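1. Build me a model:
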Amino acid sequence: MRDPATPSPGLPLRAVQVLLSPWSRLGLLVVLLAAAATTCAVLEPQRLLTAGWPPQISGGAAVVLFAVAYGLCTAALVPRPILNLAAGALFGAQFGLAAAIAGTVFGAGIAFCLGRLLGQEALRPLLRARWLAAADRQLSEHGFRSVLAVRLFPGVPFAAANYCAAVSRMGLLPFLLATGLGSIPNTGAYVIAGSRASTPTSPVFLIAMGFIALSGLAALVVAWRKRGRLRSG
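-> So this is what the prediction gives:
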């Protein structure tokens, strides 16, 4: 006869089911993002703009390490413009752009995988509002061109676009490809501006800043046009 004090064999299984439930995984995602954002707030990666890169790390290794750090920082919700300016200031236009684009794709991939694994199952049932359902349908059915447009006209915050795509049914490979291609123009402008930050009156710097302003204006126009379509969808 089983001792009444002995835990039921089903209790550990139920505990595991609770821990692996959609809402538990979503809670874990929130905790991870909060911890990462707090870490970045303490470490202040924006100090790269003033303090520079550690002198003991140079050459290709520095570019690769910066790209990895860039990706981790964007996944931790650090604003990309700061990192793009730092890439240009540290490595110049050519290598800075390569590091920034690689870091952008890496960080977007981290966010997408975390969102898909930990958040999709809990959040998809909440997409009941008409405009949310329309946005989800747009990403699920036309993911590549939708993400490409979002990256070309950066009116939607980088992290928000990552997690929206993760919650949709869009595939990872089209998401990463659209992110890499679509991020080149705006990222390049910031990197060039960072590489010429010491001469803010130079034509190259002014052209880069003008492009950034125009792309922001274009993002507002696109968002306004899409607004009515999503509401009616």
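2. can we go C-alpha only for contacts and neighbour counts from here?
-> OK.
3. Quick check: what element follows the longest helix along the chain along the chain?
-> Counting residues, the longest helix in the chain under DSSP state H turns out to be helix 80-114. The helix or strand immediately downstream of helix 80-114 is helix 120-123, counting by DSSP states H and E.
4. name the helices or strands packed onto whichever helix or strand comes after that next one?
-> As assigned by DSSP H and E, the chain's next helix or strand after helix 120-123 is helix 130-141. Here helix 130-141 touches helix 143-152, helix 158-167, helix 203-232, going by 3 or more CA pairs under 8 Å, 6 or more residues apart in numbering; DSSP states H and E.
5. Give the buried residues for helix 130-141.
-> Using 16 or more other CA atoms under 10 Å as the test for burial, helix 130-141 gives 131-140.
6. and the gap between residue 164 and residue 147?
-> Residue 164 sits 10 Å away from residue 147, going by CA to CA, to the nearest Å.
7. Settle it for me: which of these two has more neighbours?
-> Neighbour totals were compared for residue 164 and residue 147, and residue 147 leads with 26 against 20 (other CA atoms under 10 Å).
8. Looks like that one contacts residue 175 (just checking).
-> Yes: between residue 147 and residue 175 there is a contact at 6.7 Å, judged by CA atoms under 8 Å.
9. ok, then the element right after the least confident helix or strand in the chain by mean pLDDT?
-> Here the helix or strand of the chain ranked lowest by mean pLDDT, DSSP states H and E is helix 10-19, holding a mean of 60. Heading C-terminal from helix 10-19, the first helix or strand you meet, by DSSP H and E, is helix 22-43.
10. pLDDT weak spots in this structure?
-> Confidence mapping of the chain against pLDDT under 70 gives the ranges 1-20, 46, 48-52, 126-132, 223, 226-233.
11. If we use 50, what do you get?
-> Applying pLDDT under 50 to the chain picks out residues 1.
12. Was I right to think residue 191 contacts residue 87?
-> Yes: here residue 191 reaches residue 87: they are 6.1 Å apart, a contact under CA under 8 Å.
13. Figure out the helix or strand that residue 65 lives in.
-> Per DSSP H and E: helix 59-75 holds residue 65.
14. Same question for residue 185.
-> helix 172-195.
15. list the helices and strands that helix packs on?
-> helix 80-114, helix 143-152, helix 203-232.
16. what does the second one rub up against?
-> Going back to what we said before, that points to helix 143-152. 138-139, 156, 161, 165, 170-171, 174-175, 177-179, 181-186, 215 (CA atoms under 8 Å, 6 or more residues apart in numbering).
17. same for the longest helix of the chain, what does it pack against?
-> helix 48-51, helix 59-75, helix 158-167, helix 172-195.
18. residues near the residue lying closest to residue 70 once chain neighbours are set aside, how many?
-> Spatially, and ignoring its direct neighbours in sequence, residue 70 is nearest to residue 103 (4.9 Å; CA to CA, 6 or more residues apart in numbering). Residue 103 is flanked by 28 other residues according to other CA under 10 Å.
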